[in-house]
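S.K.: Any chance you could fold what I've pasted below:
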Amino acid sequence: MTTTYDVIVIGSGHNGLVCGAYLSKAGLKTLVLERRNIIGGAAVTEEFTPGFRGSRFSYVMSLLHPRVIRELELDSLGLEVLPANDLFCPIGGDDYIVYSDDIRKTQAEFGRFSRHDAEIYPEFVRQLEQSAALVRKLLLETPVDPVRRSWKSFKHTASMLWRHRSVGDRAYRMVDLLTQSAYDYLSVWFEHDLIRSVLAYYASIGTFAGPKSPGTAYVIMHHLMGEHQGAGGWGFVRGGMGAISTSIARSGARFGMQVLVDSPVAEVMVTGGRATGVRTADGREFHARIVASNANAKTLFRRLVAPAHLPAELLREIDSFRTFSTAFKMNIAAHEPPRYSAFDPAKTGFGYPTYVHIAPGIDYLERAYDDAKYGWFSTRPFLTPVVPTIVDNSLAPPGKHVVNVFGGHAPYELKGGASWANEKPNLTKAALDVLDQVAPGFSGQIIDLETLVPPDLEAIVGLPQGHIFHGELTADQLYWQRPASHWSDYRTPVRGLYQCGSSTHPGGGVSGIPGHNAAREILADWKRLK
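M.R.: Coordinates of the predicted model:
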C-alpha cells in the first residue's frame with residue numbers, strides 16, 4: 001500500500017473531509033485517517049439499538065455553508081435536506097409559542113403575550129440580521145494577527161479593515177453581542193419573559209453558561225446564521241447526519257481522496273521543525289509534505305505533537321482554552337413520538353412539531369445552569385426533542401420512530417467524585433420527567449434509548465470534554481484568538497502542520513467552514529512547502 005502522500009488529514013469529521021476534498025480537487029494526493037470504523041466524526045448516522053438508526057451526535061442540518069455544498073456538489077452526491085416545522089415551544093398546560101422564519105407569524109405568536117414585543121420584533125430581526133451579515137462575511141476570512149510586527153501581517157490586517165470599512169454602527173452592535181448576556185441583550189428589546197426565553201434558549205445550546213452569563217448573546221446569533229436554502233437554514237438530512245459526511249467523502253473520492261478507518265493517529269512525526277507524516281497506534285507510518293489535523297486543538301498540541309516542537313506560550317494558551325462541557329444527548333427508539341398536550345395542528349398550521357424546545361422561562365434556563373455550575377446535572381434540564389422519522393422513513397421500522405433529544409446541563413465532571421456510571425440513569429429519568437410533563441405518557445412508548453454525557457462524547461468522537469463546539473464561543477475564544485493568539489490562521493509552529501477542525505475560526509457546528517478555509521491556506525502555501 002502507498003504510504004507517501006501530498007497531504008494527510010487526521011480525522012474524518014466533516015471538516016477533515018471538507019479539507020481533504022478541496023485539496024484532492026486541487027490535485028493533491030490526499031489521505032484521511034479515521035480512528036473509528038465509521039467516517040464523519042460527530043456527523044454520523046449509526047444504529048443505536050437493533051433496527052433503529054439515527055443522528056447519534058449532531059442531529060439537525062443548520063450551518064453547512066452554501067459554498068461548500070455548491071463547490072463540492074453535495075446535492076448531486078446524496079445530500080437531501082428535509083424541512084423541519086416551525087419551532088414549537090410548549091410553556092405549560094395547553095399553551096405554547098411557535099417561532100417561525102415567517103416574521104408575521106412570529107409577531108402574531110408574540111402578540112398573544114405582549115403587543116410591544118410583537119411590534120418591536122421586525123426591527124430586532126433587522127438589526128440581528130445586520131450583525132449576522134457582518135459575521136457571515138468574516139466566516140470565510142482567515143483571521144488576522146493584529147499585533148504581529150511584519151509587513152505581511154500589516155497588509156493582511158489593513159486589507160481586512162478596508163474590505164469591511166462600511167461596517168459603521170454595526171460595530172457597536174457587535175460589541176453588545178460579544179459582551180452582553182443573552183438576557184441583557186434581549187431585555188433591551190422585549191418585555192415578556194417567555195418571549196425572551198424563546199430566543200435565549202439558543203444561547204444555552206452547547207455552552208457551559210446560563211442566559212444571564214456575560215457573552216452569551218453572541219451564541220444566539222451563532223445558531224441563527226445558517227444560510228442553507230430549505231427549512232430556513234434548519235432541517236433534517238435524509239438518512240441522518242451521516243449523509244452529509246458520506247456526500248463529502250464521495251466528492252473527494254472523485255478526485256482520488258482516500259479514507260482509511262480503524263487508523264487512529266498516535267503521533268505527528270516532526271523532523272527539523274517540519275511535519276513529515278504520522279504514525280498510527282499500530283505502528284504504521286504515512287509520509288506527506290503536509291499534515292492537516294481535524295482533531296481538537298488540545299489533542300493535537302498535547303497528545304499528537306511532542307512538546308519540544310511547540311512554544312511554551314502556545315501550550316499555556318491551549319491548556320487554558322475552555323472546553324468544559326455540560327451538553328448531553330439522548331437517542332430514543334419509540335413506538336410513538338411525543339404527543340404534546342399543548343399542540344393543536346389546526347392552530348399551528350402543521351401536522352406535527354418535529355422540532356421542539358422545552359424551557360418555559362428565563363429562570364428555568366438559568367436554574368438548569370445553576371445545577372451544573374455547582375457540579376451536578378440539571379434536575380429539570382432544558383430539552384430539544386426532534387423526530388426525524390416524521391419526514392424520513394429510512395431510520396426506523398415501519399410505524400416506529402427515532403427521537404433525538406439534546407439537553408443541558410450535565411457537567412463533564414460531577415462534584416464529590418460522583419460517577420456518571422451511577423448517575424446517568426438519574427439524569428435520564430430527570431429528562432424523561434420533563435418530557436412527560438409536556439407530552440404525557442411518552443416514556444411508556446420507549447422501546448430503548450441511549451444517553452450520552454460529555455465523557456461519552458469525548459471518548460467516542462473526540463470532542464474535548466464533550467464540547468460540541470470544541471470550545472466556548474466567547475469573545476476571548478473567537479477569531480484571532482481561536483484556538484490561540486498568533487495561531488488562528490490554521491497554521492501551527494510546526495512547518496507543514498495545519499489545523500482544520502472546529503477549534504479554529506469560526507468554531508463548531510456542522511458548517512464545513514474551518515475545513516474550507518484551512519484548505520485554502522494550505523494551497524496558498526503549497527508551492528513554498530514543496
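S.K.: Run through this protein and note the low-pLDDT ranges.
M.R.: Across the chain, the ranges flagged by pLDDT under 70 are 1-2, 147-173, 223-234, 530.
S.K.: which one's the longest helix in it?
M.R.: Determined from DSSP state H, the single longest helix within the chain is helix 115-139.
S.K.: Can you spell out which helices and strands pack onto that helix?
M.R.: helix 103-111, helix 170-179, helix 217-223 (3 or more CB pairs under 8 Å, 6 or more residues apart in numbering; DSSP states H and E). To be clear about C-beta, it is placed using only N, CA and C from the backbone, and glycine gets the same treatment.
S.K.: could I get these as CSV with mean neighbour count and distance to residue 447?
M.R.: Formatted as CSV, the helices and strands packed on helix 115-139 follow (neighbours: other CB atoms under 10 Å; distance: least, CB to CB, whole Å):
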stretch, mean neighbour count, distance to residue 447
helix 103-111, 17, 34
helix 170-179, 16, 43
helix 217-223, 23, 31
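S.K.: Make TSV out of those helices and add distance to residue 122.
M.R.: Shown next, in TSV, are those (distance: least, CB to CB, whole Å):
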stretch	distance to residue 122
helix 103-111	6
helix 170-179	16
helix 217-223	17
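S.K.: buried sites along stretch 391-405?
M.R.: If you call a residue buried by 16 or more other CB atoms under 10 Å, then stretch 391-405 has these buried ones: 392, 395, 396, 400, 401, 402, 403, 404, 405.
S.K.: now the angle between helix 103-111 and the longest helix of the chain, please.
M.R.: 130 degrees (axes from the mean of the first three to the mean of the last three CA atoms, to 10 degrees).
S.K.: Give me the buried positions along helix 115-139.
M.R.: Those would be 117-118, 120-121, 124-125, 128, 131-132, 134-135, 138-139, for helix 115-139 by 16+ other CB under 10 Å.
S.K.: One more: stretch 292-311?
M.R.: Buried-residue list, stretch 292-311, by 16+ other CB under 10 Å: 292-301, 304-305, 309-310.
S.K.: Please flag which of these sit within helices.
M.R.: 297, 298, 299.
S.K.: ok, the residues you listed vs residue 43, which is closest?
M.R.: The nearest member of those to residue 43, counting by CB to CB, is residue 299 at 17.9 Å.
S.K.: now the closest one, nearest residue through space, not along the chain?
M.R.: residue 462 (6.4 Å; CB to CB, 6 or more residues apart in numbering).
S.K.: if we can go back for a sec, with respect to residue 185, which of the helices and strands packed on helix 115-139 lies nearest?
M.R.: Closest among those, once you apply CB to CB, is helix 217-223, at 3.8 Å.
S.K.: so how far is the closest one off the chain centroid?
M.R.: Using CA atoms, centre = their mean, to the nearest Å, the mean C-alpha position of helix 217-223 is found 12 Å from that of the whole chain.
S.K.: Dump it to PDB, restricted to CA.
M.R.: Output of helix 217-223 as PDB, limited to C-alpha atoms (Å, rounded to 0.1, in the frame of the first residue of the first chain):
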ATOM      1  CA  ALA A 217     -25.700  37.000  23.400                       C
ATOM      2  CA  TYR A 218     -23.300  36.100  20.600                       C
ATOM      3  CA  VAL A 219     -24.300  32.400  20.800                       C
ATOM      4  CA  ILE A 220     -27.800  33.300  19.900                       C
ATOM      5  CA  MET A 221     -26.600  34.700  16.600                       C
ATOM      6  CA  HIS A 222     -24.100  31.800  16.000                       C
ATOM      7  CA  HIS A 223     -27.100  29.400  16.000                       C
END
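S.K.: got a list of contacts for that helix?
M.R.: Helix 217-223 is contacted by residues 62, 128, 131-132, 135, 176-182, 184-186, 199-200, 202-207, 209, 473-475, 478, 507, 509 when judged by CB atoms under 8 Å, 6 or more residues apart in numbering.
S.K.: What remains of these if I keep only buried residues?
M.R.: 62, 128, 131-132, 135, 177-178, 180-182, 185-186, 199-200, 202-207, 209, 473-475, 478, 507, 509.
S.K.: Would you pull up how far stretch 483-498 lies from the middle of the chain?
M.R.: The answer for stretch 483-498 is 22 Å, by CA atoms, centre = their mean.
S.K.: if I pick residue 464, what's in contact with it?
M.R.: With contacts defined as CB under 8 Å, 6+ apart, residue 464 is in contact with 296, 297, 298, 299, 323, 325, 458, 470, 471, 503.
S.K.: what's the distance between it and residue 458?
M.R.: Separation of residue 464 from residue 458 (CB to CB, to the nearest Å) stands at 7 Å.
S.K.: Same question for residue 487.
M.R.: From residue 487 to residue 458 the distance is 23 Å (CB to CB).
S.K.: And for residue 146?
M.R.: Applying CB to CB to residue 146 and residue 458 gives a distance of 33 Å.
S.K.: Repeat that for residue 12.
M.R.: Counting by CB to CB - residue 12 and residue 458 are separated by 17 Å.
S.K.: Compare neighbour counts for those two and give me the winner.
M.R.: residue 12 (28 against 19; other CB atoms under 10 Å).
S.K.: How about residue 456, nearest residue that isn't a chain neighbour?
M.R.: residue 466 (7.2 Å).
S.K.: Hmm, residue 409 and the one you found touching each other?
M.R.: No. Residue 466 is beyond contact range of residue 409, at 11.3 Å (criterion: CB atoms under 8 Å).
S.K.: Overlap in contacts, those two.
M.R.: residue 327.
S.K.: contacting residues around the residue nearest to residue 299?
M.R.: Applying CB under 8 Å, 6+ apart, the residues contacting residue 462 are 11, 35, 41, 295, 296, 299.
S.K.: can you put those in JSON lines and add distance to residue 432?
M.R.: Formatted as JSON lines, the contacts of residue 462 follow (distance: CB to CB, whole Å):
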{"residue": "11", "distance to residue 432": "34"}
{"residue": "35", "distance to residue 432": "32"}
{"residue": "41", "distance to residue 432": "28"}
{"residue": "295", "distance to residue 432": "34"}
{"residue": "296", "distance to residue 432": "31"}
{"residue": "299", "distance to residue 432": "33"}
